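>>> what shape does this take:
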Amino acid sequence: MVYLEFPPSGGFAQIASRPRYLSKLETEANGRKGKERLEKLRQADVALDKVRHYLRLAARWKWLSGVQYRHAAAMAAEVGRLLGGWIKQTVDALGKTM
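Residues are numbered from 1 along each chain as shown. A predicted model of the protein is given here:
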């Protein structure tokens, strides 16, 4: 996990809390089936989009070095691939049961 320190006036405390929220949604999704699981995974996807947005802003405002941004963006991309696979798997399973 990447830990970043941002200026307190920036209002980006959400960057630090967003990965924990994303992890919570993924954990909740694992305990569910069908449409409930899909809903939690989609919520996690939205949370990941917010993380990506905040990372881009942090890089633009020079709160992250280029190396830090590339590392965090690569980690977010990997989580996105996993999440996309879980969503596809859930959608496919729902299609078979309908």
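>>> center of the protein - which residue?
Centroid-nearest residue in the chain, with Cα atoms, centre = their mean: Leu48, separated by 2.5 Å.
>>> what's the burial count for the spatially closest residue to Gly66 that is not a sequence neighbour?
Nearest residue to Gly66, sequence neighbours excluded (Cβ to Cβ, 6 or more residues apart in numbering): Ala59, at 7.6 Å. All C-beta spots, glycine's among them, are computed from the backbone N, C-alpha and C. The local packing of Ala59 (other Cβ atoms under 10 Å) involves 17 other residues.
>>> buried stuff in stretch 54-73?
Tyr54, Leu55, Ala58, Ala59, Trp63, Leu64, Tyr69, Ala72, Ala73 (16 or more other Cβ atoms under 10 Å).
>>> make that stretch 33-48, sorry
Under 16+ other Cβ under 10 Å, the buried positions of stretch 33-48 are Arg37, Leu38, Lys40, Leu41, Gln43, Ala44, Asp45, Ala47, Leu48.
>>> one step back: so the residue nearest to Gly66 is in contact with Tyr69, correct?
Yes. Counting by Cβ atoms under 8 Å, Ala59 does reach Tyr69; the two are 4.0 Å apart.
>>> which pair of the buried residues of stretch 54-73 spans the longest distance?
Between any two of the buried residues of stretch 54-73, the greatest separation by Cβ to Cβ is 14.0 Å, found for Trp63 and Ala73.
>>> so which elements touch the top helix by length along the chain?
Criterion DSSP state H: the longest helix present in the chain is helix 66-97. Helix 66-97 sits against helix 13-30, helix 34-60, with contacts defined as 3 or more Cβ pairs under 8 Å, 6 or more residues apart in numbering; DSSP states H and E.
>>> quick check: angle from that helix to helix 34-60?
Using axes from the mean of the first three to the mean of the last three Cα atoms, to 10 degrees, one finds that helix 66-97 and helix 34-60 are set 170 degrees apart in direction.
>>> and which of the buried residues of stretch 54-73 is nearest Gly95?
Ala73 (32.3 Å).
>>> got the contact list for that closest one?
Residues counted as contacts of Ala73 (Cβ atoms under 8 Å, 6 or more residues apart in numbering) are Arg52, Leu55.
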